[in-house]
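Visitor: Sequence and computational prediction follow.
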Amino acid sequence: MLKIAKNAKVKIDYTLKSDAGDVIDSSQDKEPLAFLQGNGQIIPGLEQALEGREAGDNFSVTVNPDQGYGEYDKELVFDVPREQLQNLDSIEEGMQVQAQMQDGSTQILTIQNVGEEQVTLDANHPLAGETLHFDIEVADVSEATDDEIEHGHAH
Ligand code: ZN
């Protein structure tokens with residue numbers, strides 16, 4: 001059977017739990033997650049844990065923040081004047097907004113605090129600083145097409 005290695009096309013079913021045991025995300029009600037191994041499409045800790053596995057494998061893995069979504073960085077919390085967000089329908093604490101960066105990429109910002117004049121935004125990934133607990137089932141491993149390898153993602 002094909003083992004997971006760089007550029008293998010992989011489908012996994014997963015349940016992601018926080019340290020407290022709460023389910024954060026699961027593929028249960030969706031399609032399995034499809035990606036090309038070794039292309040940075042999933043967090044490094046999960047890629048490492050999947051290397052060498054094959055379809056039908058079941059396992060659990062704990063991923064520390066440095067192999068997950070990074071440590072929580074206080075430097076990524078900043079204030080902007082409220083009028084900068086006036087194109088939003090509403091501004092509420094805990095809300096996530098997508099911001100267009102200068103290099104054209106998009107980033108998710110979480111509204112941390114809403115003041116009279118200033119809004120505090122947090123650019124950390126929502127799961128930064130979290131130790132992640134995954135239950136994984138490898139649903140499928142196949143050869144990627146040349147196109148998929150060139151694009152660096154599964155079609
Ligand atoms: Zn493509």
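Guide: That came in fine, so what should we check first?
Visitor: make it CA atoms for all contacts and neighbour counts henceforth
Guide: Noted.
Visitor: for the one helix or strand in the chain whose mean pLDDT sits lowest, packing partners?
Guide: Using mean pLDDT, DSSP states H and E, the weakest-scoring helix or strand in the chain turns out to be strand 96-100, at a mean of 87. Taking 3 or more Cα pairs under 8 Å, 6 or more residues apart in numbering; DSSP states H and E as the contact definition, the neighbouring helices and strands of strand 96-100 are strand 106-114.
Visitor: buried set for the very next helix or strand once past the strand it packs on?
Guide: Proceeding C-terminally, strand 106-114 gives way to strand 118-122 as the next helix or strand, assigned by DSSP states H and E. Neighbour-count burial for strand 118-122, counted by 16 or more other Cα atoms under 10 Å, picks out 118-122.
Visitor: In JSON lines, list these along with distance to residue 19 and pLDDT.
Guide: As requested, the buried residues of strand 118-122 are exported to JSON lines (distance: Cα to Cα, whole Å; pLDDT from 0 to 100):
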{"residue": "118", "distance to residue 19": "33", "pLDDT": "95"}
{"residue": "119", "distance to residue 19": "29", "pLDDT": "95"}
{"residue": "120", "distance to residue 19": "26", "pLDDT": "97"}
{"residue": "121", "distance to residue 19": "25", "pLDDT": "95"}
{"residue": "122", "distance to residue 19": "21", "pLDDT": "96"}
